[in-house]
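Undergrad: Sequence and predicted structure, then a few things I'm wondering about:
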Amino acid sequence: MIVMNYDQIKKISYYYRYLILLSLYSLVVFTILFYVAFFQPANLNWDSSVNHRVGPTGFRLLDGVAVSRAKIALRPFATIIENQVDSRPTAGLEYASVVYETIVEGDITRYLAIFDGSSQVKKIGPIRSVRPFFISLAKQWDSVLFHAGGSEEALNSLKNGALDHINEISGDGLFFWRDYSRVAPHNLFTSSDLIGRAFAAKGYNEQANFKPWLFKNDSRPPTTTNQLIEVNLSPNPDYNVSFSYDFRTNGYLRYLGGSLHKTDRGIILEAKNVIIEHVRHVVIDDYGRLNINVTGGGQAEIYQDGSRINGSWRSVNGRTKYYDENNNEISLNRGSTWIELVF
């Protein structure tokens, strides 16, 4: 039989009380950490070097999409992507926030695709040559333009500092590559990784400097609606374009040459906004190259939420904006916008 004196009993009593207090303290700490991790809002930022979960804290200037604070105003990059039949399928267009499409010569169309600076795209292209009106459009976004040569007028404009650009033909070939499973010249590509390296090598500013459009949340129609947008871009049926409203996504599925338009990854292209922008043009040479007026203003039809808005476009302080019939600036749905420049 073990007999303990008073001092021994007192020590054991203190020891058990210490264990109980330590257990209660651990339980409180665990409860607080569990609550912070799973029940607190995700947009915490304690300004430390630790990577905490940071949720949406604002809206991206380029397309109005909710992003973390660090990604709100990243500088966009722009690419000239061809659409000649032999160049299809294109790569990377599913990641573009804004895409312009128009005839460049004859009956062949081409794209100017604007990407957010945070875009992660493994393959973009095929990259082709630039025209002066594409430079004017790319400049609106303070973007860095990636291209492969261009018309004489366009190259002179770039040489005179129209905007920051990377030209594959003038010594910047390391920021592009050739896909030799395709026929040249329809096989030149770049990627967001190479574009990021170009930004760093050239010392380009990574912050955007442009006035954003107005944006709004989706406003889905109360009942299913069938809306088909036919875009009269080219007399050649291979370049026929249409968009079909999809009630499930409140977006517009894109068709090219009579078929759903898919990228090289099999992704069907879809837009949250479709804009038909009526522009004036003139043919400037025997090759059929065009001078397209993208600053003079004109009529426009804006499609969103399964409805059509008849309005106009005009250049305001160097930025194209869209207005309804009452001259109110139109708020676009958050997400991708396709702009069709038609004659």
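TA: On my side now, so go ahead.

Undergrad: what comes up buried for stretch 168-180?
TA: 168, 172, 175-177, 179 (16 or more other C-beta atoms under 10 Å). Heads up, the C-betas are built off the backbone N, CA and C, glycines and all.

Undergrad: Tell me where the model's unsure across this structure.
TA: 1-55 (pLDDT under 70).

Undergrad: Output the longest strand belonging to it.
TA: In the chain, with assignment by DSSP state E, the single longest strand is strand 307-316.

Undergrad: Output the contacting helices and strands for whatever helix or strand comes next after that one.
TA: Reading on from strand 307-316 to the C-terminus, the next helix or strand found by DSSP states H and E is strand 319-324. If you count contacts as 3 or more C-beta pairs under 8 Å, 6 or more residues apart in numbering; DSSP states H and E, strand 319-324 packs onto helix 132-140, strand 307-316.

Undergrad: This protein: helices as residue ranges?
TA: Remark: helices assigned in the chain by DSSP state H are 6-38, 132-140, 152-159, 192-202.

Undergrad: The second one versus helix 152-159: what angle between them?
TA: Looking back up the chat, that one is helix 132-140. 30 degrees (axes from the mean of the first three to the mean of the last three C-alpha atoms, to 10 degrees).

Undergrad: Residue 200: neighbour count?
TA: Other residues within reach of residue 200, judged by other C-beta atoms under 10 Å, total 10.

Undergrad: Next, the contact list for it, please.
TA: By C-beta atoms under 8 Å, 6 or more residues apart in numbering, no residues touch residue 200.

Undergrad: Including distance to residue 343, could the buried residues of stretch 168-180 go into a markdown table?
TA: Output for the buried residues of stretch 168-180, formatted as a markdown table (distance: C-beta to C-beta, whole Å):
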| residue | distance to residue 343 |
| --- | --- |
| 168 | 29 |
| 172 | 33 |
| 175 | 34 |
| 176 | 31 |
| 177 | 35 |
| 179 | 33 |
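
Undergrad: which two in those residues are spaced the farthest apart?
TA: Using C-beta to C-beta, the buried residues of stretch 168-180 reach their maximum pairwise distance at 172 and 179, which is 18.0 Å.

Undergrad: what's the domain layout of this protein?
TA: 58-202, 215-342 (automatic domain parsing).

Undergrad: circling back: for the longest strand of the chain, buried residues please.
TA: 309, 311-314.

Undergrad: Note down every partner strand of it and its orientation.
TA: Strand pairing for strand 307-316, determined by DSSP bridges: strand 298-304 (antiparallel), strand 319-324 (antiparallel).

Undergrad: among those strands, which is nearest residue 114?
TA: strand 319-324 (12.2 Å).

Undergrad: so residue 93 touches residue 269, yeah?
TA: Yes: using C-beta atoms under 8 Å, residue 93 is in contact with residue 269, at 6.0 Å.

Undergrad: These two - which one has more neighbours?
TA: residue 93 (26 against 22).

Undergrad: just to revisit the earlier point, now the longest strand of the chain, how far from the chain's geometric center?
TA: Put simply, strand 307-316 sits 21 Å off its chain's centre (C-alpha atoms, centre = their mean, to the nearest Å).

Undergrad: Quick one: residues in contact with it.
TA: Applying C-beta under 8 Å, 6+ apart, the set of residues contacting strand 307-316 is 221, 225, 227, 275, 277, 294-303, 320-325, 330.

Undergrad: Output that strand as CSV, restricted to C-alpha atoms.
TA: What follows is strand 307-316, C-alpha atoms only, in CSV (Å, rounded to 0.1, in the frame of the first residue of the first chain):
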residue,chain,number,x,y,z
SER,A,307,-31.6,40.1,-76.3
ARG,A,308,-30.5,42.7,-78.9
ILE,A,309,-29.7,46.4,-78.3
ASN,A,310,-29.7,48.7,-81.3
GLY,A,311,-27.2,51.4,-80.7
SER,A,312,-24.0,53.0,-81.8
TRP,A,313,-20.3,53.1,-81.2
ARG,A,314,-18.0,56.0,-80.9
SER,A,315,-14.4,56.8,-79.9
VAL,A,316,-14.2,58.7,-76.6
